[in-house]
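this is the structure alone, sequence omitted:
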């Protein structure tokens, strides 16, 4: 299977281009780029840095992939951007490499839908099957777990964690960690993220049973509605998780959360 490369594209001789990939007009591919099989790169795309993109990914026009971090501590180190399989990265997205002060790499998983004008900063870790709507802005060191959805024009503070199966509403500022399974949106007095219940419909679509969803609702009420302190709620949910595997996501979240949770 041959590649289809537009004659105006500039491909460094040291770049690796997988079989069956297509590169559009005026796109530039740097010397340390590895592009997998059956990838599609649109027009005027710049892919640079120590960047690896796995098979079947699509990158649309005018995206900037693998550029240096927007971090004043960065001093030209050879850090990485790793992008998994079957990702869709739409127009004008900017994805940066990592820093030596962080993970040395920014990591994007598989099957993600990254809409136009999204920024993913240095050292972010993005899981699988995630949707980032238009204009989402992730600061450095953000972690987003599998199946999360972040609404358009939402900024996420550095080092925040957004748990799996969550839904963050549009124009919602995330400055603390978002526990798994919940919906959040801006509150009545500002744009800061507040909990708004669990993402029940999303869980049903992904095969969670009614019993599992009920257990998650119980955990949500324990965390937010029963008047317990955070420490008391964590302890109660950890005990519940010994009998209900779907609650183990909360336990893992508690172990890694450092910024406190949205309230």
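In hand now; what should we look at? Keep in mind that this is a model prediction, so the values were computed, not measured.

distance of the residue in the chain sticking out farthest from the centre from residue 135?
Most distant from the centre of the chain: residue 7, at 33.6 Å, with distances by Cα atoms, centre = their mean. Distance of residue 7 to residue 135, given as Cβ to Cβ, to the nearest Å: 34 Å. Yep, even glycine has a C-beta here, placed from its N, CA and C like the rest.

please enumerate the helices of the stretch 51-200 of the chain.
Ranges of helices within the stretch 51-200 of the chain are 200-205, based on DSSP state H, counting those that start in this stretch.

for it, give me the ranges with low pLDDT.
Scanning the stretch 51-200 of the chain for pLDDT under 70 picks out no residues.

go again with 80.
188-189 (pLDDT under 80).

contacting residues for the nearest residue to residue 27 once chain neighbours are set aside?
Nearest residue to residue 27 in three dimensions, chain neighbours excluded: residue 45, at 4.3 Å (Cβ to Cβ, 6 or more residues apart in numbering). Neighbouring residues of residue 45 by Cβ atoms under 8 Å, 6 or more residues apart in numbering: 23, 24, 27, 28, 59, 60, 61, 62, 63, 64, 65.

what's opposite the last one in the beta bridge?
Right, residue 65. Taking DSSP bridges as the rule, residue 65 bridges to residue 47, residue 95.

you'd agree it is up against residue 50?
No - the pair residue 65 / residue 50 is not scored as a contact, 11.6 Å apart, by Cβ atoms under 8 Å.

so what sits against both of these two?
With Cβ under 8 Å, 6+ apart as the test, residue 65 and residue 50 both reach residue 81.

just want the most central residue of this structure.
Short answer for the chain (Cα atoms, centre = their mean): residue 126, at 3.3 Å.

which residues pair with the closest residue in space to it that isn't next to it in sequence across the strands?
In this structure, residue 126 finds its nearest non-sequential neighbour in residue 108, 4.7 Å apart by Cβ to Cβ, 6+ apart. Beta bridges link residue 108 to residue 83, residue 126 when assigned by DSSP bridges.

separation between residue 108 and residue 89?
According to Cβ to Cβ, residue 108 stands 9 Å off from residue 89.

quick check: neighbours shared by those two?
Common neighbours of residue 108 and residue 89, using Cβ under 8 Å, 6+ apart, are 83, 95, 114.

neighbour count for residue 65 and residue 50, which is higher?
Between residue 65 and residue 50, residue 65 has the larger neighbour count (other Cβ atoms under 10 Å), namely 27 against 20.

now do the contacts for the more buried one.
Neighbouring residues of residue 65 by Cβ under 8 Å, 6+ apart: 45, 46, 47, 48, 51, 53, 59, 81, 83, 89, 93, 95.
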